[in-house]
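Novice: fold the following.
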Amino acid sequence: MSRFVRKGHQAEANAYVPLPVRDGVAPSYLWITESRPGGMLAFLEERFAEVAGPPWHERMARGDVVDAKGERLQPDSHVRQGMRIWYYRELEQETPIPFEEAILFQDEHLLVVDKPHFLPMIPTGRFLRETLLVRLKRKLALPHLTPIHRLDRETAGVVIFSHNIETRGTYQSMFQKRVIRKTYEALAPLLADREFPFTYRSRMVDGEKFFVMKEEAGEPNSETLVELIERRGGLARYRLHPHTGRKHQLRLHMASLDVPILNDAFYPVALPCKGDDFSAPLQLLARSIAFEDPLTGAARRFDSRRTLDWPDPPGA
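Specialist: So this is what the prediction gives:
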């Protein structure tokens, strides 16, 4: 089996990309790091044996598989060390996600979007066109659109994209320097016998399952400020301020406090995949993002227009 490095999106912005964005989908590429006999078709069929989609000989016939110079690859093309192959990721079937994003702001640098629950940020796994990035590229014709931070598929709310190559790094650096002020809201059981607000800290590491995190003893590397906004019976609405940006930080922190966010299928216990069941969205919302614009110095704040869904009281 040949070894390779595969990346799912376009290369660096200043690199030549031989295939255009098509219907919102950017081409993917794959580096070949070891030559092998048998021809390109045999290599692709072996490498992507478990991936659904049109047969590779059909893609080649359409000109959708090319080398770094944009030249069409044929079934008998050589597989050589150092080659970069460009192609479009395709899915034969994809379940529509019945929720729409909303544009909150757009200028010559940024696009700010109010993401719905269940919509993935970028193509991955069984999601391609039903992702926020591809939807926006298709609707707005912004081929260089890139998210400069992420939200989980299950989380709704404010997310920022860059569509200007020249200023992208400047805005990305705000997140790296942690000068962005992010506020979330969550519905969860009422946390009794605590004084609000309070700060929760822990050491977060990868869990045994690749898609979850866990806590362990040691120097804390995650921090969340927790505020109580309102309570209804045994439930509460919280305002959460993550001072660090660990994967699933808010979800794990709330579960560790014994008040897991409503409808969380990962914490405290990872439940079986619900597939395309959209009936119980995670009650976590990226409510707002605020920062000083690094180009102009102006204060910026963007707020989600979405709300969380309190469950009906018993007997309602």
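Novice: show me the contacts for the closest residue to R84 other than its chain neighbours.
Specialist: Excluding its sequence neighbours, the residue lying closest to R84 (Cβ to Cβ, 6 or more residues apart in numbering) is A68, at 4.5 Å. Every C-beta, even on glycine, is put in place using the N, C-alpha and C of the backbone. For A68, the residues meeting the contact criterion (Cβ atoms under 8 Å, 6 or more residues apart in numbering) are Y16, P18, M83, R84, W86.
Novice: could you list every residue that touches the second one?
Specialist: In this structure, P18 makes contact with P27, V66, D67, A68, K69, G70, W86, judged by Cβ under 8 Å, 6+ apart.
Novice: quick one: which of those is nearest D114?
Specialist: D114 lies nearest to P27 out of these, by Cβ to Cβ, at 28.3 Å.
Novice: the closest one is in contact with Y88, isn't it?
Specialist: Yes: at 5.6 Å, P27 counts as touching Y88 under the criterion of Cβ atoms under 8 Å.
Novice: overlap of the contact sets of these two?
Specialist: L19.
Novice: ok, back up a step: now, the contacts of A68 that are in strands?
Specialist: Counting by DSSP state E, the contacts of A68 place R84, W86 in strands.
Novice: from the contacts of P18, pick the one nearest T33.
Specialist: Of all the contacts of P18, A68 has the smallest distance to T33: 14.3 Å, by Cβ to Cβ.
Novice: so that closest one versus L110, what's the distance?
Specialist: 31 Å (Cβ to Cβ, to the nearest Å).
Novice: and the helices in the stretch 201-316 of the chain?
Specialist: Counting by DSSP state H, counting those that start in this stretch, the stretch 201-316 of the chain has helices at residues 249-256.
Novice: where in the stretch 1-150 of the chain is pLDDT low?
Specialist: Along the stretch 1-150 of the chain, segments meeting pLDDT under 70 span 1-15.
Novice: check C273 and give its pLDDT.
Specialist: Predicted confidence (pLDDT) for C273: 74.
Novice: can you count the residues close to it?
Specialist: Neighbours of C273 under the rule other Cβ atoms under 10 Å: 8.
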